[in-house]
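Colleague: let's see this in three dimensions:
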Amino acid sequence: MGIIGGEFEIGTKDFIKSVSTQPFEFNKGYFYSSGRAALHHILSLSIQKEKKKILLPDYLCESIVEVVKVSKIPFYFYSINEDLSINIDSIKEIYTEKSSILIINYFGGIDVLNEIKKLRNIDLNISIILDNVQAFYSMFESFDVDFMFTSFRKQLPVPDGGWVISKYELYKCEEFNTFAQYKLAGGLLKNFQGYKSVTDKLYLDLFEMGENAISKNLNANISDVTIEMLNKLDLSLIQKKRLENSAF
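Modeller: From the prediction side, this is the model:
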């Protein structure tokens, strides 16, 4: 029996053409090596815009805190209610005009518009960062936020990539991404896990090597192979399958 969940397997038929062009579905925004890199560059611009601290929900992935620490911006936690909505009173206790606030769109299951409305009632010009890592398809919706971002590999069979949509002009990375090769190799081997010669450990070790290098690539670009694979993916079909899996 193979491993359930985790990283996607990648089939050789998923790529490659000789020239990679940005897929039309992603004709706006900025690409980075990972969701972490995307957040890192959002925070860098926030600091330039005189945001002195960031407010984070107290229910979040540890990698977010790691990126915030690397960005050297002070952070404070606000509370999340049982239904995953924002505890607005906890925001009021720590908010200042020099704050940015991160909202996590938990599994695409929160009322983002209502959460934004509650925050705008505190300060019409509040700086909002929307984390759509768990809600990839929300990136195609329109929200009144300063930034929203996601990670491609959390939702799609690609080795790397983060995507930001912003009201502002962000820095475009040109550095070569050095972790995608391990994620790609692991995904390809996982695709052949039915053969006795490919053990779970073989591809899991490659995935781990790639994982350990993500934080070293915060100033790196998305890989060409992921751009090419994005061109070939049927996003509507993937969305349909994910909804079926969720219902199951």
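Colleague: which pLDDT value goes with Ser197?
Modeller: Ser197 is assigned a pLDDT of 79 by the prediction.
Colleague: which SS class is it?
Modeller: With DSSP: H, G, I helix; E, B strand; the rest coil as the basis, Ser197 sits in coil.
Colleague: quick check: the gap between it and Lys167.
Modeller: 51 Å (Cβ to Cβ, to the nearest Å). Backbone N, C-alpha and C define where each C-beta goes, glycine included.
Colleague: for Ile110, see how far away the residue of the chain most remote from its centre is.
Modeller: Distance from the C-alpha centroid of the chain peaks at Lys196, with 34.0 Å (Cα atoms, centre = their mean). From Lys196 across to Ile110, the span is 45 Å (Cβ to Cβ).
Colleague: got the phi/psi numbers for Lys52?
Modeller: As for Lys52, its main-chain torsions (degrees, to the nearest 10) stand at phi -90, psi -10.
Colleague: likewise Gly109?
Modeller: The phi/psi pair for Gly109 (degrees, to the nearest 10) is phi -110, psi 0.
Colleague: show the pLDDT at it.
Modeller: 89.
Colleague: which ones are touching it?
Modeller: Gly109 makes contact with Leu84, according to Cβ atoms under 8 Å, 6 or more residues apart in numbering.
Colleague: how many residues are close by Glu244?
Modeller: 9 (other Cβ atoms under 10 Å).
Colleague: show the pLDDT at it.
Modeller: Looking at Glu244, the pLDDT reads 92.
Colleague: ditto for Phe15
Modeller: 50.
Colleague: please name the residues that touch the closest residue in space to Ile91 that isn't next to it in sequence.
Modeller: Setting aside the residues directly before and after it, Ile91 is nearest to Tyr78 in space (Cβ to Cβ, 6 or more residues apart in numbering), at 5.0 Å. Taking Cβ under 8 Å, 6+ apart, we find Tyr78 in contact with 55-58, 86-87, 90-91, 93-94, 101.
Colleague: try 6 Å
Modeller: 55, 90-91 (Cβ atoms under 6 Å, 6 or more residues apart in numbering).
Colleague: kindly provide the distance from it to Val133.
Modeller: From Tyr78 across to Val133, the span is 19 Å (Cβ to Cβ).
Colleague: let me see the ranges of the strands in this structure.
Modeller: 30-32, 53-57, 75-78, 99-104, 127-131, 147-151, 162-166 (DSSP state E).
Colleague: would CSV of the ones you listed with distance to Ala180 and mean pLDDT be doable?
Modeller: Formatted as CSV, those follow (distance: least, Cβ to Cβ, whole Å; pLDDT from 0 to 100):
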stretch, distance to Ala180, mean pLDDT
strand 30-32, 12, 96
strand 53-57, 27, 98
strand 75-78, 28, 98
strand 99-104, 25, 98
strand 127-131, 22, 98
strand 147-151, 13, 98
strand 162-166, 12, 97
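Colleague: appreciated, that's everything.
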